[in-house]
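Enquirer: Please work out how this folds:
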Amino acid sequence: MSRTSATSRKNPTPRKPSHGSPVPVVITFLLLVVFAAGGVWMWSNRTVSVKVNGEQVQVRVDSTLADIVASEEIEVTPGNLVSVGGNVITEGEGDPFSATVGGKELDSEQIEAFRAKGNEEIVIGNGANVTEPSHEEERETQPKMEPYEKIGAVTFVAQWGKPGKAVYTVGDTSGEAVLKEEIEPVQNTVIQSVNPKPDDGSKVIALTFDDGPSAYTQRYLDILDRYGARATFFCLGSAAASKPDLVKAIEDQGSQVASHTQNHQQLTTLDASTLQAEISDAFSAISGSGAPATTVLRPPYGDFNNDTWLASGGTLSASVIWNLDSEDWRLPGADAIVANCTNGAFSGAIVLMHDGGGNRDQDLEALPRIIETLQGKGYQFVTLDELMAMDSRIPDDVASGNATLPEGCVWPTEMVAAQ
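Expert: Here you go, the predicted structure:
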């Protein structure tokens, strides 16, 4: 029996398991990624149909309104950058365009947030103005002057101006301030003009004499005394300073001393500082000559207007002209002077005569006849202060003859705008 040798037997060699190659799997995955990315890209860059200004167009999905304006070449005019007061600061720096979507007008934030999804109806228009950035400030509000319209013989301060307080919107670029909220109301200066009329119907006349004191003053006073009459002497400051005894004589007789300015300059032709000096210097000269302080004046030539009031700086309380003009400066004769001062006389009338400025012999001859004629008609002769006090339209402080700017009040530098 044959035996097989142990050394002749061999163990078989083990085999590795068989697997497929990984390359096709990777390629497949990459292809899927590419296709997916391409699909996403194509989806996100697809076009959608929208109607723009009445025309159906195709735009990329998620387009902004700015994209649509650019792609469709829509011509629009941008708005301007404007101040808080509505004035143009820079042209073209407002909103670039306006937009309505589905009939709803969009604000700037909504315009920025819009993304086209399809089927929207869009209307693009010109841009709106944009108001500059601003902040709020609390400020003092300054009074203005409310002018008079109808001219009477006595024009006066009916109300003194007081500042108010208010919150203003102030433009960061322009510096303009616009009233937002009133905290304390401002009180304007109010000028009124009336022909004085006694409330109680008294028959009174105010005789007035300009350009003194002079060599005629005492003779006028003697005539007034004889008839128990009083008058108002509108004295020049320069003359009052040189004749204080006559100023005192006017007061002692019971008549009134008021101002005809310092040097008889035409006030409407002066700058503000010269005007104020012409008024204030005369008031000082009169009070310095022994008369009570006054803030009542007769402007030379009767020439005083709203602009002059504004420029006066609160130096006076009343400006007085006249209703009856003697025209004595023409030297027409005593008869004419009497007729001019008595014909058409009425209660509250103010009569213009002259003390200085020329020969006044005709006035001295006419004055007794004027007084007798008017007294015969039941008239009494009063000072201007007395006449103003009889009319309740004129405030008490003005009627005192020495109203001054009250504490806490200020004089305006602007006129109320005409309506």
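
Enquirer: list the buried ones in stretch 75-90?
Expert: Residues of stretch 75-90 classed as buried under the neighbour-count rule (16 or more other Cβ atoms under 10 Å) are 78-84, 89. C-beta here means a position set from N, CA and C on the backbone, and glycine is covered the same way.

Enquirer: Inside helices: which ones of those?
Expert: When the buried residues of stretch 75-90 are checked against helices using DSSP state H, none is located there.

Enquirer: buried ones in the host helix or strand of residue 210?
Expert: For residue 210, the host element (DSSP states H and E) is strand 204-212. Of the residues in strand 204-212, those buried by neighbour count under the rule 16+ other Cβ under 10 Å are 204-212.

Enquirer: same check, this time on stretch 392-411
Expert: Neighbour counts over stretch 392-411 (16+ other Cβ under 10 Å) mark 394-395, 397-401, 403-405, 409-411 as buried.

Enquirer: can you give me the end-to-end distance of it?
Expert: The stretch stretch 392-411 measures 24 Å between its terminal residues, going by Cα to Cα, to the nearest Å.

Enquirer: What of stretch 245-263?
Expert: End-to-end distance for stretch 245-263: 20 Å, by Cα to Cα.

Enquirer: related to what we said a few turns ago, let me know the closest of the buried residues of strand 204-212 to residue 250.
Expert: Proximity of those to residue 250 was ranked by Cβ to Cβ; the top entry is residue 212 with 8.3 Å.

Enquirer: hey, what's the closest one bridged with?
Expert: residue 235 (DSSP bridges).

Enquirer: circling back: may I see the buried residues of stretch 75-90 arranged in a markdown table, with pLDDT and distance to residue 237 as well?
Expert: Conversion of those to a markdown table gives the following (pLDDT from 0 to 100; distance: Cβ to Cβ, whole Å):
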| residue | pLDDT | distance to residue 237 |
| --- | --- | --- |
| 78 | 96 | 64 |
| 79 | 95 | 61 |
| 80 | 97 | 56 |
| 81 | 97 | 56 |
| 82 | 97 | 53 |
| 83 | 97 | 48 |
| 84 | 96 | 48 |
| 89 | 97 | 51 |
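
Enquirer: just to revisit the earlier point, and which of the buried residues of stretch 392-411 is nearest to residue 60?
Expert: In terms of Cβ to Cβ, no member of these lies closer to residue 60 than residue 410, at 65.3 Å.

Enquirer: The closest one touches residue 145, doesn't it?
Expert: No: the pair residue 410 / residue 145 is not scored as a contact, 11.2 Å apart, by Cβ atoms under 8 Å.

Enquirer: so what sits against both of the two?
Expert: Residues touching both residue 410 and residue 145 by Cβ atoms under 8 Å, 6 or more residues apart in numbering: residue 161.

Enquirer: ok, back up a step: and the buried residues of strand 204-212 as a markdown table, adding pLDDT?
Expert: Shown next, in a markdown table, are those (pLDDT from 0 to 100):
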| residue | pLDDT |
| --- | --- |
| 204 | 98 |
| 205 | 98 |
| 206 | 98 |
| 207 | 98 |
| 208 | 98 |
| 209 | 98 |
| 210 | 98 |
| 211 | 98 |
| 212 | 97 |
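
Enquirer: got TSV for those residues, with distance to residue 27 too?
Expert: Below are the buried residues of strand 204-212 laid out as TSV (distance: Cβ to Cβ, whole Å):
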residue	distance to residue 27
204	122
205	124
206	120
207	125
208	119
209	123
210	119
211	121
212	124
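
Enquirer: Pull out the CA atoms of the strand holding residue 210 and give them to me as CSV.
Expert: Coordinates of the C-alpha atoms in strand 204-212 are reproduced here as CSV (Å, rounded to 0.1, in the frame of the first residue of the first chain):
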residue,chain,number,x,y,z
VAL,A,204,-64.2,167.9,23.1
ILE,A,205,-61.5,169.4,20.9
ALA,A,206,-57.7,169.0,21.2
LEU,A,207,-55.8,172.1,20.2
THR,A,208,-52.1,171.4,19.4
PHE,A,209,-49.1,173.6,18.7
ASP,A,210,-45.9,172.4,17.0
ASP,A,211,-42.3,173.6,16.8
GLY,A,212,-42.0,175.4,20.2
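
Enquirer: got the angle for the helix or strand following it vs strand 204-212?
Expert: As assigned by DSSP H and E, the chain's next helix or strand after strand 204-212 is helix 217-227. Interaxial angle, helix 217-227 versus strand 204-212 (axes from the mean of the first three to the mean of the last three Cα atoms, to 10 degrees): 160 degrees.

Enquirer: Show me which positions of helix 217-227 end up buried.
Expert: Along helix 217-227, these residues count as buried under the neighbour rule (16+ other Cβ under 10 Å): 217, 219-221, 223-224.

Enquirer: Report all helices and strands that it contacts.
Expert: The contact analysis (3 or more Cβ pairs under 8 Å, 6 or more residues apart in numbering; DSSP states H and E) places helix 217-227 against strand 204-212, strand 231-235, helix 244-253, helix 361-376.

Enquirer: I am finished for the moment; much appreciated.
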